[in-house]
Structure formats: C-alpha cells, structure tokens
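Novice: got a predicted structure here, sequence first:
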2 protein chains.
Amino acid sequence: VKPSQQQLSITGLHGIGSVHAGDDLAAMLADALERAGLVPEAHDVVAVAQKVVSKAEARQVKLSSVSPSPRALDLADQTKKDARIVELILSESVAVLRAVPGVLITRHVLGFVCANAGIDQSNVGDETTVLLLPRDPDGSAEALRQRLQARFGAAPAVIITDSFGRPWRMGTVNVALGAAGMPVLIDRRGEEDLFGRCLQATEVAIADAVAAAAGLVMGEASEGCPAVHIRGLSWVLAPQQASTLIRPIGEDLFQ
Amino acid sequence: VKPSQQQLSITGLHGIGSVHAGDDLAAMLADALERAGLVPEAHDVVAVAQKVVSKAEARQVKLSSVSPSPRALDLADQTKKDARIVELILSESVAVLRAVPGVLITRHVLGFVCANAGIDQSNVGDETTVLLLPRDPDGSAEALRQRLQARFGAAPAVIITDSFGRPWRMGTVNVALGAAGMPVLIDRRGEEDLFGRCLQATEVAIADAVAAAAGLVMGEASEGCPAVHIRGLSWVLAPQQASTLIRPIGEDLFQ
C-alpha cells in the first residue's frame, strides 16, 4: 500500500465559470483539465466542490416554496434561524444533535453529521435560494468519473468535497462527501513499522486528506476555482465510496 | 486574504534518518531541504511529524520507570490497556472523556482532545518505550523556524503534525499540533462572495488543511519521510499559534 509519493502537485482548474441547474459539469471539468494541460493519468484525482455538483444537479430550492412545519417553527425559534431553512434542514436529516442560537447540527439522511444539513446559503446568486447537498454524492462522483473516462480514456479518481466543522477544533476543513475510483480509508493495522512491530489502530482517512489538500487551492470565497487536479498519489487498494468514511451510529468512540 | 494559489507542490524530505533524543532536528531538516534543492522562500511551509520532534526533545519514556496509580489501574482494567501507559496518559491529561475497552480519549494538558493523550507506541524502536507529545508544540515550531531562518535567511512557516481520529468519521487525518510563521485560522466572515453577500460562519482551519495535505506525502508506516516542504501558498494575515485551533471548553457546539 503506497498512498504517498515523493511529490504531489495540486493545480486549480480555472475558467469553469458559473454552474447552473442542468449544466454538463463533466464536460466543464474536462474542458478545464484540457485548458490546464492536464490530461488525466492513472492515479490522478479531480476534487470538485459540492457546491457546483449540487448546482448542476438542480439542488437549488427557492425559500418561497417552503412551508415550515410546527417542529421547524419551534427549532427556528430555538436557533434564531429562518424557519423555512430549518424545515429544509429537517427534511434532509434523520436526527437533530444540537440546537442552540445560531447552531443546528443534525445527522444528514446520507449519514454525515454537520451543521445545517450541509445547506448552503452563500454563493448561490439569489438571496431567496438555498442549495442542498447532492442526493447521492458517491453516485455523482462515479458519474463524473465515467464521463471523464469516456472523454480521455484514462479516468482520474473523483472526490466531491465540502467544508465541515469539527467538535473540538476551530474552523472548517474540507472532507470527502463523495468518491469514485480510489480507496478512501486505508487500514494500516497489521502493517509493520520500521522496527518490525505492527502498527496499532492506524486507519487513515486518505480521501478526507485529499479533500483537505484540495481545499487549500480551491479557497472558499470565490467560485472561480471549484475544482482542482491532484497528481502524485498512488494506490493499489480497491476503490471505495466516501460513505465508508461515515462512522456507524453506535460506534462513535468520542460520545 | 489569499491563502490559496493556482498550484501547490508538496515534496517529501527524505534521508533524515532516525531521530534520537538530543539530535539537532533543525539542522537535519535544513540538510534535507538543501538535498532536495528547496532553499526556503517566503510563504513556504515545512511540516514535521510530531514523532521526530518528540524524539529530538527526549520525550521517550521507559515503561519500566512508570508506577501506575490506583486510578490508572482502574482505567487500565476498563480499557484493557497497559496500566503504565494509562498512568502516562493520565499524567498528560486534564480530563478523561471516554474509557471503554480499547479506547481512552482524554483532553490533553495542551487542550487537544485525542486518543491516548497522543502517546505513541509504534516506531520508537524499543518495545518498552513510548513517546509523549512535545511539551510545547508551538514553541517547538517557532524554535525550528528560527533555526531555519538563521541557516537560510528566509524562514519557512513550520507546522508540527499529528494524526487524530474524528468523532463521526472513520480514520485519522493529520492536524496541526504546533505552528509558527503562518496564520492557522482564517476568518472569512464578512468577506463578500461572488454575488456581493457576506459569507456566513466561514472560519477555515488552514493549518489543519496544510497538515492533512502534508500527511499525504509523509505516509504513516515509515520514518523515511517525517517532513515535507510545501510551496505555493500565500497569506497576508499575521502568524498564529496552533493552539488557536483548539475550541475552548464550553464553546463546543457539537456536545
């Protein structure tokens, strides 16, 4: 297992422009790769911000179309949030973990624990529109990968990233919402260290590290660079879905 | 504020070899940078694995020197761990957050919440020796930075990294234990998005993202590459210590 190499290059894919519902994001990514002179090779990775995937997949919701339930009105009061957004958060979630002023943390229907069910109110271009997470980020990643393969022959792995907060640490870091074509969790338990002893409890969330690295080049405030190309990784393990990175309920060792 | 660039290069610094108590780690890093042809420039970052910092700082402890307290014996029974290691974990911690078979999660005296107080049993070369975290990782980073500046004129930022587990996600990702010479938490609240609206609640843990990216090149199992060089970031904000990334007790929004 060699997930690492001597040198890694992370290159922003510019010129993708605004993405709208129904846009052919795979073609936009492929064009951006060509413009950057980055014809995909084996073990390349393309990381794509969730925002543009959601937009292309028409996950925009007009707030004027949302009628808050009594529960949403109650939680909106607790959290001082727009009740229509709370209604959308609830409809995207299976459990509310924390509701205090300014904060609503839930378990998303896809299993992720995050603030506001990943619903995004910035960078959508219309004050009264919000953006939900893709319905199936692993499926979205696989579909993008297949389209890139059809275009280029060799397919990069595809990671769909989003920025998540962390319980005990300040600030957000990008994680892998969706993945295709690469391992996401590398189990090093049983591998030997330099002194021939087995490593203990070392499972490495490689796809989350790739997402975090991609985030350094994507930035946050601008839509100018919603995708990056990463070259220099290698792996021999089978591909996994990013859902592998979600800790099963009941196995949470920190709670 | 421009924390990101079009292209980022992450290069492993090889040939550092085994590190022992009292070794001049700064000189070893400087030699490795020179061998790699990477004379530091402004906004370069050198990320160093905690393990080699701890070794150079003589944070090894022989288990035979440790006498477990009654509390350590009790927790060792609960967690099925070596009572001497539990004693060391307790001596490095201010609070026990979780103790079940195989798992002991504490708040480290430095504020970090992590498994086993960051105590490392692998890759130390002696079955009965364990390795504690550096006493002052931010100070260690600053000291390395000053030594590199004395050697090269221009100093890279220095990040000391360790791999941490996460509550709701599987696997470990590298985070920044110590930092010098760069901002670690970038507050983008108030910045405008592409449509002129203010971004909401976007504080980016840039130093943790750098640590995660560095981890992709460091790998885990080998001591062959305990440091990496990162070029292509830029920033205008003032440097911060990595302790800035520790969420204050009582402000934890997820608990």
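Specialist: Thanks, I have it.
Novice: where does the stretch 51-200 of chain A dip in pLDDT?
Specialist: Residue ranges of the stretch 51-200 of chain A with pLDDT under 70: A:122-127, A:189-200.
Novice: kindly recompute the last result at 50.
Specialist: Counting by pLDDT under 50, the stretch 51-200 of chain A has low-confidence residues at A:194, A:198.
Novice: so the residue most central in space within chain A is in which element?
Specialist: By Cα atoms, centre = their mean, chain A has its centre lying nearest to A:Thr161, at 2.5 Å. Applying DSSP states H and E as the criterion places A:Thr161 in strand A:157-164.
Novice: show me where the stretch 151-255 of chain A has strands.
Specialist: A:157-164, A:173-180, A:186-187, A:203-204, A:227-231 (DSSP state E, counting those that start in this stretch).
Novice: dump those into CSV; add distance to chain B as well.
Specialist: Every C-beta, even on glycine, is put in place using the N, C-alpha and C of the backbone. Below are these laid out as CSV (distance: least, Cβ to the nearest Cβ, whole Å):
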stretch, distance to chain B
strand A:157-164, 7
strand A:173-180, 5
strand A:186-187, 8
strand A:203-204, 4
strand A:227-231, 9
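Novice: what about A:Gly102, how many residues close to it?
Specialist: Around A:Gly102 there are 11 other residues, counting by other Cβ atoms under 10 Å in any protein chain shown.
Novice: residues making contact with stretch A:136-148?
Specialist: The contact list for stretch A:136-148 (Cβ atoms under 8 Å, 6 or more residues apart in numbering or on different chains) reads A:25-27, A:29-30, A:33, A:40, A:46, A:48, A:50, A:53, A:57, A:110, A:134, A:155-160, A:177-181, A:241-243.
Novice: again, only this time at 6 Å
Specialist: The contact list for stretch A:136-148, computed with Cβ atoms under 6 Å, 6 or more residues apart in numbering or on different chains, reads A:26, A:30, A:53, A:134, A:155, A:158, A:160, A:177-181, A:241-243.
Novice: what comes up buried for that stretch?
Specialist: Neighbour counts over stretch A:136-148 (16 or more other Cβ atoms under 10 Å in any protein chain shown) mark A:137-138, A:140-145, A:147-148 as buried.
Novice: please apply the same query to stretch A:38-48.
Specialist: For stretch A:38-48, by 16+ other Cβ under 10 Å, it's A:38, A:40, A:43-48.
Novice: which stretch of helix or strand covers A:Leu73?
Specialist: Taking DSSP H and E as the definition, A:Leu73 sits inside helix A:70-79.
Novice: what about that helix, near chain B?
Specialist: No - applying Cβ under 6 Å from any Cβ of the partner chain, one finds helix A:70-79 separated from chain B by no less than 11.2 Å.
Novice: distance of A:Gly162 relative to A:Asp82?
Specialist: You called it Gly, but residue A:162 is Asp. A:Asp162 sits 21 Å away from A:Asp82, going by Cβ to Cβ, to the nearest Å.
Novice: cool, A:Ile159 as well?
Specialist: Using Cβ to Cβ, A:Ile159 is found at 31 Å from A:Asp82.
Novice: repeat that for A:Gly181.
Specialist: Separation of A:Gly181 from A:Asp82 (Cβ to Cβ): 38 Å.
Novice: ok, A:Gly102 next?
Specialist: A:Gly102 is 12 Å from A:Asp82, by Cβ to Cβ.
Novice: now swap in A:Val210 and tell me
Specialist: A:Val210 sits 34 Å away from A:Asp82, going by Cβ to Cβ.
Novice: between A:Ile159 and A:Asp82, who's got more neighbours?
Specialist: A:Ile159 (32 against 17).
Novice: what are the buried residues along stretch A:51-62?
Specialist: A:51-57, A:59-61.
Novice: what's the most distant pair in these?
Specialist: A:Val52 and A:Val61 (16.6 Å; Cβ to Cβ).
Novice: quick revisit: of the buried residues of stretch A:51-62, which belong to helices?
Specialist: A:51-56 (DSSP state H).
Novice: and those as CSV, adding distance to chain B?
Specialist: Below are these laid out as CSV (distance: Cβ to the nearest Cβ, whole Å):
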residue, distance to chain B
A:Lys51, 11
A:Val52, 12
A:Val53, 17
A:Ser54, 15
A:Lys55, 12
A:Ala56, 17
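Novice: looking at the residues you listed, which is nearest B:Ala117?
Specialist: A:Lys51 (38.0 Å).
Novice: longest helix in chain A, by number of residues?
Specialist: Assigned via DSSP H, chain A shows its longest helix as helix A:137-152.
Novice: got the phi/psi numbers for A:Val109?
Specialist: For A:Val109, the backbone dihedrals (degrees, to the nearest 10) come out as phi -60, psi -30.
Novice: need the contact list for it.
Specialist: Counting by Cβ under 6 Å, 6+ apart, A:Val109 makes contact with A:92, A:94.
Novice: burial measure for A:Glu203, as a count.
Specialist: Neighbour tally, A:Glu203, other Cβ under 10 Å: 18.
Novice: distance of it relative to B:Gly118?
Specialist: For A:Glu203, the distance to B:Gly118 - Cβ to Cβ - is 17 Å.
Novice: ok, and the closest non-adjacent residue to the residue in the stretch 51-200 of chain A positioned nearest to chain B?
Specialist: The minimum distance from the stretch 51-200 of chain A to chain B, using Cβ to the nearest Cβ, falls at A:Gly171 (3.1 Å). In this structure, A:Gly171 finds its nearest non-sequential neighbour in B:Ala205, 3.1 Å apart by Cβ to Cβ, 6 or more residues apart in numbering or on different chains.
Novice: wait, the one you found sits on A:Val175?
Specialist: No - between B:Ala205 and A:Val175 there is no contact under Cβ atoms under 6 Å: 11.8 Å.
Novice: now A:Val113: closest residue in space that isn't a chain neighbour?
Specialist: Leaving aside its chain neighbours, A:Val113 sits nearest to B:Trp168 (4.1 Å; criterion: Cβ to Cβ, 6+ apart).
Novice: would you mind measuring from that neighbour to B:Asp136?
Specialist: Here the criterion is Cβ to Cβ. By it, B:Trp168 lies 30 Å from B:Asp136.
Novice: A:His14 now?
Specialist: Distance of A:His14 to B:Asp136, computed by Cβ to Cβ: 41 Å.
Novice: A:Ala47 too?
Specialist: Counting by Cβ to Cβ, the separation of A:Ala47 from B:Asp136 is 35 Å.
Novice: same deal with A:Asp23?
Specialist: Taken as Cβ to Cβ, the span from A:Asp23 to B:Asp136 is 51 Å.
Novice: ok, now A:Ala49?
Specialist: Distance, A:Ala49 to B:Asp136, using Cβ to Cβ: 37 Å.
Novice: check A:Thr106 too.
Specialist: Noted for A:Thr106: a distance of 38 Å to B:Asp136, by Cβ to Cβ.
Novice: also A:Pro137?
Specialist: Computed as Cβ to Cβ, the A:Pro137 to B:Asp136 distance reads 40 Å.
Novice: do A:Asp82 as well
Specialist: Per Cβ to Cβ, A:Asp82 is found 45 Å from B:Asp136.
Novice: for A:Ala212, same thing?
Specialist: Distance of A:Ala212 to B:Asp136, given as Cβ to Cβ: 25 Å.
Novice: check A:Trp235 too.
Specialist: As for A:Trp235, its distance to B:Asp136 is 36 Å (criterion: Cβ to Cβ).
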